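Asker: Here is my input; please provide its structure:
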Amino acid sequence: MGHCFSVFSSKETINCTETLTDTPLSATLDQSQFSMFKAAEIVNAAAACAEAECIEQLKKTDVVPLLMNYLLGEEQILVADPTAVAAKLRKMVVGGAGKTVVISDFDYTLSRFANEQGERLSTTHGVFDDNVMRLKPELGQKFVDLKNKYYPIEFSPNLTMEEKIPHMEKWWGTSHSLIVNEKFSKNTIEDFVRQSRIVFKDGAEDFIEALDAHNIPLVIFSAGIGNIIEYFLQQKLGAIPRNTHFISNMILFDEDDNACAFSEPLIHTFCKNSSVIQKETSFFHDIAGRVNVILLGDSMGDIHMDVGVERDGPTLKVGYYNGSLDDTAALQHYEEVYDIVLIHDPTLNVAQKIVDIINSSH
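Answerer: Below you'll find the predicted structure:
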């Protein structure tokens, strides 16, 4: 157990020896013999303390093999490097909830990609596609045409990220302009959300509430529309949990509560990183010291999500793959960039299990 001494500081080692009392043998031993005896006693005490600390640390990580067995035993779960994943999980378990932050995409990550019939559900931008088509078919068709044009570009395996970015900026910018020009009211947009085809993944409500209960910050980093996410959470949960924060495109409203602009800078799929975060963001103090990150996403752009806070702990990347099983190149790419890949998973079971083992030891 000699390698375990790294978990002790010199101060902690001294504290372990402070309980030792002077031995009566000092009266019968000369000074050099007594010093050697005392030194051996101190070393033994320090070793015992270090061993006890190691045992406690190992107890905390006993849950990791159980979770790894589950992950490796499920056909729809891919783990390219089990050793690396287990190492990250151990560090997270030892760190506990107080060292953990969850950074998650929303569309098709916290929300479902398809319903039980296999029909694709809506994204936050898709809320306008669905509802505007019903009320103003001509305007609705413009939203649909934009999606039909740019969606294949976003997921094209033949274009680099740099080549895709100008198209994403055009797509997002045009869609936002249509929303602003129509001057949709806040009440109208809230009603759109009530009638939308956004559906939580199974277990999402419990997952969000569990994070709040254990004071683990949840940063929802979305290239969608943040207001839609806020309204959705309010409608489903009754209120936005105090631990939940948003980085997203926000609709700005005028004094009459009509849409008048969007927040800057624009956030699209391929710029989800700290460059789009205002440095005075209010939640920075809530996540200070949270060095262990659980990252949840469903696209290549999501793997770069960070919130601009320096940290030295592990990032466990969990990716939801919603593409075709026949697209082996895309699936392989997900395996290369995500630690854990969940294929066509409509639940948050794995994310919940990860949080559960982190909470179980503290």
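Asker: When you work out contacts or count neighbours from here on, use the C-alpha atoms and nothing else.
Answerer: Fine.
Asker: which residues does Lys183 contact?
Answerer: Asn258, Ala259, Cys260 (C-alpha atoms under 8 Å, 6 or more residues apart in numbering).
Asker: tell me the contacts of Val219?
Answerer: Going by C-alpha under 8 Å, 6+ apart, the list of residues near Val219 reads Val101, Val102, Ile103, Ser104, Thr244, His245, Phe246, Ile247.
Asker: Name only those of those that count as buried.
Answerer: Burial by neighbour count, 16 or more other C-alpha atoms under 10 Å: within these this picks out Val101, Val102, Ile103, Ser104, Thr244, His245, Phe246, Ile247.
Asker: what about the second one, helix or strand, and which?
Answerer: I take that to be Val102. strand 100-104 (DSSP states H and E).
Asker: For the helix or strand just after that strand, buried residues please.
Answerer: Moving toward the C-terminus from strand 100-104, the next helix or strand (DSSP H and E) is helix 126-135. Across helix 126-135, burial judged by 16+ other C-alpha under 10 Å covers Gly126, Val127, Phe128, Asp129, Asp130, Asn131, Val132, Met133.
Asker: for stretch 94-103, same thing?
Answerer: Applying 16+ other C-alpha under 10 Å to stretch 94-103 flags Val94, Gly95, Gly96, Ala97, Gly98, Lys99, Thr100, Val101, Val102, Ile103 as buried.
Asker: How about stretch 248-263?
Answerer: Ser248, Asn249, Met250, Ile251, Phe253, Asn258, Ala259, Cys260, Ala261, Phe262.
Asker: Now do the contacts for the residue nearest to the last one when sequence neighbours are not counted.
Answerer: When the adjacent residues along the chain are set aside, Phe262 lies closest to Ile251, with 4.6 Å between them (C-alpha to C-alpha, 6 or more residues apart in numbering). Ile251 makes contacts with Ile225, Gly226, Asn227, Ala259, Cys260, Ala261, Phe262, Ser263, as judged by C-alpha under 8 Å, 6+ apart.
Asker: Now do the phi/psi pair for Ile251.
Answerer: Main-chain torsions, Ile251, degrees, to the nearest 10: phi -70, psi 130.
Asker: Any figure for the gap between it and His167?
Answerer: Ile251 is 21 Å from His167, where distance means C-alpha to C-alpha, to the nearest Å.
Asker: if we can go back for a sec, between which two of the buried residues of stretch 248-263 is the distance greatest?
Answerer: Ser248 and Asn258 (19.0 Å; C-alpha to C-alpha).
Asker: re the thing from before, which ones among the contacts of Ile251 map onto helices?
Answerer: Gly226, Asn227 (DSSP state H).
Asker: Confirm Phe221 sits in a helix?
Answerer: No. Read with DSSP: H, G, I helix; E, B strand; the rest coil, Phe221 is strand and lies in no helix.
Asker: Can you tell me the element the residue nearest to it when sequence neighbours are not counted falls in?
Answerer: Among residues not flanking Phe221 along the chain, Ile247 sits closest, at 4.8 Å (C-alpha to C-alpha, 6+ apart). Using DSSP H and E, Ile247 falls within strand 244-249.
Asker: and that strand, which strands flank it?
Answerer: strand 218-225 (parallel) (DSSP bridges).
Asker: So what angle separates the directions of the strand it pairs with and helix 126-135?
Answerer: Comparing the axes of strand 218-225 and helix 126-135 via axes from the mean of the first three to the mean of the last three C-alpha atoms, to 10 degrees yields an angle of 40 degrees.
Asker: Can you check what angle separates strand 218-225 from strand 100-104?
Answerer: Between strand 218-225 and strand 100-104, the angle comes out at 10 degrees (the same axes, to 10 degrees).
Asker: quick one: buried residues of strand 218-225?
Answerer: Leu218, Val219, Ile220, Phe221, Ser222, Ala223, Gly224, Ile225.
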